[in-house]
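1. Structure of the sequence below:
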Amino acid sequence: MVCGPIGQRGSLKIKRLYRFLRRNGFTTLDHLSSHEMDYAFIKDFRSRRELARQIVEYDLELVKKADVIIAIYDGPSHGTGIEMYVAKNLGKPVILYAPHEVPTPWPIHFSSYVISNKKELIVLLKGLQSEKLHN
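-> Residues are numbered from 1 along each chain as shown. Okay, the predicted model is just below:
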């Protein structure tokens, strides 16, 4: 599962990373496309409590199902932070994909690995995949 900030074109970055992963032979749990959960167009959830509940429960269910979480660091994201926290507490590998500086310790602490480009991501994922096959 790929997570990251949804607003301000964030969902496009997540969708691009899902496509990149699939092109490189990885199976993904695409939380944005599979149930049309791309909510980037919503600017205020205060009056959408039920929709907020559905989105959060769906995303957390996918975190539980995923083998690996890839968190795009592109600025602060409440949802991404919580997804990383939950995944780490479940013992899942959390990869922080941070192509730019990370001016906060929180995402570093809750990640298992920190990478800065897609080439590193593929090498790491293949290593994790190989490790899983040998255990």
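2. Contacts for stretch 89-103 next, please.
-> 17, 63-64, 66-74, 84, 87-88, 107-108, 110-117, 121, 124-125, 128 (C-beta atoms under 8 Å, 6 or more residues apart in numbering). All C-beta spots, glycine's among them, are computed from the backbone N, C-alpha and C.
3. how close does Ser111 sit to Gly81?
-> To Gly81, Ser111 is 11 Å away according to C-beta to C-beta, to the nearest Å.
4. higher neighbour count, these two?
-> The neighbour count for Ser111 versus Gly81, taken as other C-beta atoms under 10 Å, is higher for Ser111 (23 against 16).
5. which helices and strands sit right next to the lowest-mean-pLDDT helix or strand in the chain?
-> Lowest by mean pLDDT, DSSP states H and E among the helices and strands of the chain is helix 10-23, with a mean of 90. Of the remaining helices and strands, those touching helix 10-23 by 3 or more C-beta pairs under 8 Å, 6 or more residues apart in numbering; DSSP states H and E are strand 2-3, strand 69-72.
6. Try it again at 6 Å.
-> strand 2-3 (3 or more C-beta pairs under 6 Å, 6 or more residues apart in numbering; DSSP states H and E).
7. Against which helices or strands is the strand it packs on packed?
-> helix 10-23.
8. next helix or strand past the helix it packs on?
-> Next along the chain after helix 10-23, taking DSSP states H and E as the criterion, comes helix 49-65.
9. So how do I select the buried members of the contacts of stretch 89-103 in PyMOL?
-> Selecting only the buried entries of the contacts of stretch 89-103 in PyMOL, with 16 or more other C-beta atoms under 10 Å as the criterion:
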select buried, resi 17+63+66+68+69+70+71+72+73+74+84+87+88+107+110+111+112+113+114+115+121+124+125+128
